[in-house]
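>>> sequence and predicted structure are below.
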Protein chains: 2
Amino acid sequence: MKFDLLAKDNHSNARAGLIYTDHGVIETPIFMPVGTAGTVKGVHQRELENDIKAQIILGNTYHLYLRPGLEVIREAGGLHKFNGWNHPLLTDSGGYQVYSLADNRKIKEEGVAFRSHIDGSKHIFTPESAIDIQRVIGADIIMAFDECTPYPCDYKYARKSIEMTHRWLKRCCDQFDSGEGLYGYSQTLFPIVQGSVYKDLRIRSAEAIASFGREGNAIGGLSVGEPAELMYEMTGYVTEILPWEKPRYLMGVGTPANILECIALGVDMFDCVMPTRNARNGMLFTRNGIINIRNEKWKKDFSPIDEESEIYADLHYSKSYLRHLMINKELLGAQIATIHNLYFYLWLVKEARKKISEGTFNQWKNEMVPKVSARL
Amino acid sequence: MKFDLLAKDNHSNARAGLIYTDHGVIETPIFMPVGTAGTVKGVHQRELENDIKAQIILGNTYHLYLRPGLEVIREAGGLHKFNGWNHPLLTDSGGYQVYSLADNRKIKEEGVAFRSHIDGSKHIFTPESAIDIQRVIGADIIMAFDECTPYPCDYKYARKSIEMTHRWLKRCCDQFDSGEGLYGYSQTLFPIVQGSVYKDLRIRSAEAIASFGREGNAIGGLSVGEPAELMYEMTGYVTEILPWEKPRYLMGVGTPANILECIALGVDMFDCVMPTRNARNGMLFTRNGIINIRNEKWKKDFSPIDEESEIYADLHYSKSYLRHLMINKELLGAQIATIHNLYFYLWLVKEARKKISEGTFNQWKNEMVPKVSARL
């Protein structure tokens, strides 16, 4: 992996760059659609490419490990081959899902024991096994196995937790560096800064993580329920420390406004289930604000879903029709809304990138944040 | 509407023709995907056009009347405008759904009173209102309001029922002929032959229906649970009577084998929920037989879903991946399987049409019937 920084905004820490992987180049800042079980729900791979113009998508290690399982993915030749997405992929380490989804989880120094939320079967994830599993899945960017603390989190617990996360990171790096990819292309490992909402812990963790000298770095444990201002504050402390010349990935963030604010803080990569999950409930993000398409207000609005868009789903279908599909729980409603939201998220980061290059990012960001946050 | 008969098979009653409507030409024999509530579940309109190559789709009057309701459809300018399908459309009369879905239905000479399966609200469909509703929906081909008898059905009940269906047809025709389409293009009304599985009733009904001299005719009340042989027998009696020079539509049929056998009997148009509904449960129809993609057998089959196909969904995704999506109840699984099945159904009738023109239909049909019925 290689990262080229191309431009920096004069009035914020926003940057524009290029990440080179063996599966293609990623323009940053970038939003990565979440493809939990190897599929972005309701979206064909060619729609991701041609309509949404996704450059990299996520897979979840926890889900893929349970289903279809490593044997199938290995025999398929990795996740790219299995799901037919021949562009960059990133996998999380499975940690977050173990904490949020699995049953009976027990965190020890060795790793985390848990029961599958699907069939109750017993499993253990360790830093080493999380790396091994991600070798099999074969994403271009893989994540360290960490503990993601909840919000709120006791200071003492958070301090102990980052110490373990740092020890786990050492084990992840040793495991990663002693092996190699299974399918003939490179993988890279990103470590994750934790530290809850405590400034000193965030700084300490960022310094520890930076000292590992990996090719990119991530910020975890935010957007877990804390106020947005606290998230921005923590992100700001961390981006000040994480090396300038490497990509920074803020995990699980967020709303369009969150993304713009965090681009301004120097973040390059984002992922979040919000555009996909909320789409399935009828929430549309647009450059003029947020639409709940189920509202009576749209019942007879026969205008296109988004006249300012350029894609089929936005131009071909009307708000009235999409509302009808949503009220009827029709599959096509979830499909259209998901494509719309992901296209908008990708448009937003592309536009941010353009503004950074033009030197007008910060002003544009300050205009856009209230606009994209309004309720229409 | 105009119907041109282009070719007739020498060894069966199969025919190839063209139906001209104001929304385009339909090549017969044709299969019509079912778009119950104004959407073919899980399929974008452009996928219907470009991948599946559908030429006409169905809407269900009962569903559309309840949701989004006539006011919305009228203000949209009809269903074509509402759902963005700018090709031929056919609507059933609502009768079948009233009998199969609605609660507390009471059939009287005047019409049918029922309660909505959605909210329990009270409604009445009469022959006149069924025509008026279909004027508002604005399909190119609309259906008469009939009574669809169940199977089995008492002879006496079936006899009384066709008499009422014929009286209702008179009222439908009077209502239809005294009005006109609301949106500037032509609509045509097809009457429906009933008579359960009784030869004399089927013949009597077919003669009565033919005497109305409409532009096309339909056969209803079959594929409701009776053995396939009985369905073929009844269809054969009816196609002998229905006028040669007009299209014949066999409602709600069927499996690939059913369709081939009924093309041989002189049927031109088909619709059925089977390719769409069964797709959502993981059943794939192929030219080599029927696949249950959920079976363990396909777990590590990384070959394309259908190598003999020419469309993206069949060639881009593997059986193993589709199985994974189905087992995980992922939306994309239903989407892929639905596109596959509908493409196959449209391929099948197109191939039948070609064979009819080449004069080899009957032999090909006899080879295909066991093949498409096999379990893989």
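That came in fine, so what should we check first? Numbers count the residues shown, from 1 in each chain, chains lettered A, B, ... in the order given.

>>> scan chain A for its longest helix.
helix A:331-358 (DSSP state H).

>>> how far does it sit from its chain's centre?
14 Å (CA atoms, centre = their mean, to the nearest Å).

>>> run through who's touching stretch A:90-101.
With contact meaning CB atoms under 8 Å, 6 or more residues apart in numbering or on different chains, stretch A:90-101 is reached by A:32, A:56-65, A:79, A:105, A:112, A:114, A:117, A:125, A:130, A:133-134, A:137, A:139-148, A:150, A:172, A:192, A:220, A:251-252, A:271. Backbone N, C-alpha and C define where each C-beta goes, glycine included.

>>> buried residues in it?
A:Leu90, A:Thr91, A:Asp92, A:Ser93, A:Gly94, A:Gly95, A:Tyr96, A:Gln97, A:Val98, A:Tyr99, A:Leu101 (16 or more other CB atoms under 10 Å in any protein chain shown).

>>> and stretch A:271-283, by the same measure?
Buried residues in stretch A:271-283, counted by 16+ other CB under 10 Å: A:Asp271, A:Cys272, A:Met274, A:Pro275, A:Thr276, A:Asn278, A:Ala279, A:Arg280, A:Gly282, A:Met283.

>>> and what of stretch A:112-125?
Neighbour-count burial for stretch A:112-125, counted by 16+ other CB under 10 Å, picks out A:Val112, A:Ala113, A:Phe114, A:Ser116, A:His123, A:Phe125.

>>> which two among the residues you listed are spaced furthest apart?
The distance between the two most remote of the buried residues of stretch A:112-125 (CB to CB) is 12.8 Å, for A:Val112 and A:Ser116.

>>> just the C-alpha atoms of the lowest-mean-pLDDT helix or strand in chain A, please, in CSV.
One helix or strand of chain A scores below all others by mean pLDDT, DSSP states H and E: helix A:95-100, with a mean of 87. Taking C-alpha atoms only, helix A:95-100 is exported to CSV below (Å, rounded to 0.1, in the frame of the first residue of the first chain):
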residue,chain,number,x,y,z
GLY,A,95,-13.9,-7.2,17.7
TYR,A,96,-16.6,-4.6,17.4
GLN,A,97,-19.3,-7.3,16.5
VAL,A,98,-18.1,-9.6,19.2
TYR,A,99,-18.8,-6.8,21.7
SER,A,100,-22.1,-5.7,20.2
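
>>> ok so, going back, drop anything exposed from the contacts of stretch A:90-101.
A:32, A:56-65, A:79, A:112, A:114, A:125, A:130, A:133-134, A:137, A:139-148, A:172, A:192, A:220, A:251-252, A:271.

>>> for A:Leu150, which non-adjacent residue is spatially closest?
Quick fix: residue A:150 reads Pro, not Leu. Once flanking residues are discounted, A:Pro150 sits nearest to A:Val224: 6.0 Å by CB to CB, 6 or more residues apart in numbering or on different chains.

>>> hmm, who's touching whichever strand or helix holds A:Asn258?
If you go by DSSP states H and E, A:Asn258 is part of helix A:256-264. Residues from elsewhere that reach helix A:256-264 (CB under 8 Å, 6+ apart): A:9, A:12-14, A:29, A:31, A:223, A:228, A:231-232, A:235, A:250, A:253-254, A:270, A:285, A:344-345, A:348-349, A:352, A:356, A:361-362, A:365, A:368-369, A:372-373.
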